[in-house]
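A.B. asks: Give me coordinates for this.
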Amino acid sequence: HNKLNSTIPIQIGQLTLMEELYLQNNELTGSMPSEIGSLQNLRILDLSNNNLTNNIPYTDWTEREEGRRGQLSSLESLDLSYNLLQGMLHFGLLVDSWKNLTSLRLQHNQFNDINAHNKSNSNSNGEMTLNDKEESNNNSELVPLK
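C.D. replies: Residues are numbered from 1 along each chain as shown. Reported below is the predicted structural model:
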């Protein structure tokens, strides 16, 4: 509740030892920086209740280089709810890329479609909340993560 009212600086990617980042309940605007993908030790990312726009930077947050850990490979909890995010939601890509993910909250955004393809066969007790398109993105439904 700091009422931060700017964009998230790209320098955030230099905080490579950070394990938890809580920036919820502010007035942050603009896109989520792709540099967050450099935070390989990050377990919890909460950017909920802001005015973030555009889409999740999937390529920078999920791609892996040969022989290296995947981007955000330690991520357990991601909360991007109550923002202005839009575009295609690639649910399967997120779940397949982040094996430790147990909580994914994306409700109350403006995603226009959900790609739920998931190659993973693991059994997880995690859950995800996302938009219920038929109710103008204001309600949420709970979906198993894996």
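A.B. asks: Secondary structure class of the residue most central in space within the chain, three-state.
C.D. replies: With distances taken as Cα atoms, centre = their mean, the chain has Leu78 as the residue nearest its mean C-alpha position (4.8 Å). Here Leu78 is recorded as strand under DSSP: H, G, I helix; E, B strand; the rest coil.
A.B. asks: How about the contacts made by it?
C.D. replies: Counting by Cβ atoms under 8 Å, 6 or more residues apart in numbering, Leu78 touches 45-46, 94, 98, 101, 103-105. Glycine gets a C-beta too; all of them are placed from N, C-alpha and C.
A.B. asks: Where strands are concerned, which of the residues you listed count?
C.D. replies: Among those, the members falling in strands (DSSP state E) are 45-46, 103-105.
A.B. asks: Packing partners of the lengthiest helix in the chain?
C.D. replies: Taking DSSP state H as the criterion, the chain has its longest helix at helix 91-97. Packing partners of helix 91-97 (3 or more Cβ pairs under 8 Å, 6 or more residues apart in numbering; DSSP states H and E): helix 58-62, strand 110-115.
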